[in-house]
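Visitor: coordinates only, sequence not included:
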């Protein structure tokens with residue numbers, strides 16, 4: 001299948017700091033690509049450039065064949081790009097259901113509506129009338145994923161889904177991923193937990209100090225190679 005997302009020679013700066021340097025990657029429609037790396041490797045910066053929250057100083061972002069490098073974030077949502085940000089960033093004073101309805105404001109057609117999200121995350125359905133700020137971290141993360149799905153994205157970006165959550169909760173969240181991709185959604189996820197990333201990803205892309213240090217099919221890459229790329233040591 002053709003690439004849904006193509007990032008070419010991307011450079012993103014935070015002031016004088018080059019947080020992402022010459023990164024190129026592609027995500028085939030229907031696949032799961034995991035971007036891995038240590039803290040400060042440039043993973044979240046990369047996602048922010050894909051969504052338009054950060055403007056690159058060089059390079060291009062193409063989505064569904066079109067150059068979207070200069071397209072504003074809200075327009076990218078309407079094109080079919082949606083992100084679950086690190087830290088969830090729900091509206092704490094709104095109920096779960098109200099947060100989900102915010103995600104539907106893009107009015108894109110597709111399989112995801114309240115019923116579909118509640119079927120995917122029954123616990124979210126049980127908490128639909130609860131204020132989002134009063135829920136546990138795992139419940140908030142499930143709600144944040146549901147909110148992103150309500151925009152019916154072609155490409156779903158997941159930034160550090162497992163961060164700060166108990167392993168059993170992380171397992172439950174990742175168990176929903178096949179149902180998400182089964183409805184035709186392509187996934188680009190950022191993850192520090194390498195083994196979790198390998199368990200769900202078709203391809204992996206490792207960043208080290210803003211640069212690509214390893215890329216390939218998850219089946220073809222050894223943990224020794226990943227360790228070397230992750231920490232910048234010789235395999």
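Guide: Yep, that arrived. None of these values were measured; they are calculated from a predicted model. Residues are numbered from 1 along each chain as shown.
Visitor: Quick check: which ranges of this protein have low pLDDT?
Guide: 1, 234-235 (pLDDT under 70).
Visitor: ranges for the helices of it?
Guide: 43-51, 73-79, 96-103, 114-120, 122-126, 137-149, 167-175, 177-182, 194-200, 223-231 (DSSP state H).
Visitor: The ones you listed: which one's closest to residue 89?
Guide: Across the helices of the chain, the minimum distance to residue 89, taken as Cβ to Cβ, is reached by helix 137-149, at 7.2 Å. Where C-beta positions appear, they are placed from N, C-alpha and C, glycine not excepted.
Visitor: Now that closest one: buried residues?
Guide: Judged by neighbour count using 16 or more other Cβ atoms under 10 Å, the buried positions of helix 137-149 are 138-149.
Visitor: likewise stretch 175-182?
Guide: 177, 180-181.
Visitor: now, among the residues you listed, which is nearest to residue 160?
Guide: residue 177 (14.8 Å).
Visitor: Pull the contacting residues for that closest one.
Guide: By Cβ atoms under 8 Å, 6 or more residues apart in numbering, the residues touching residue 177 are 32, 187, 200.
Visitor: What's the separation between the last one and residue 176?
Guide: So the one you mean is residue 200. Here the distance between residue 200 and residue 176 works out to 10 Å (Cβ to Cβ, to the nearest Å).
Visitor: closest one to residue 211 among the helices of the chain?
Guide: In terms of Cβ to Cβ, the element of the helices of the chain nearest to residue 211 is helix 223-231, at 10.3 Å.
Visitor: so how far is the closest one from its chain's centroid?
Guide: Centre-to-centre, helix 223-231 and its host chain are 22 Å apart (Cα atoms, centre = their mean, to the nearest Å).
Visitor: For it, name the packing helices and strands.
Guide: Packed against helix 223-231 by the contact rule (3 or more Cβ pairs under 8 Å, 6 or more residues apart in numbering; DSSP states H and E) you find helix 194-200, strand 203-208, strand 211-217.
Visitor: Show me which residues of the first one are buried.
Guide: The neighbour-count criterion (16+ other Cβ under 10 Å) identifies 194, 196-198, 200 as the buried residues of helix 194-200.
Visitor: Which member of these is positioned nearest residue 164?
Guide: Closest to residue 164 out of the buried residues of helix 194-200 is residue 196 (13.9 Å), distances taken as Cβ to Cβ.
Visitor: Tell me the gap between stretch 140-148 and the middle of its chain.
Guide: 12 Å.
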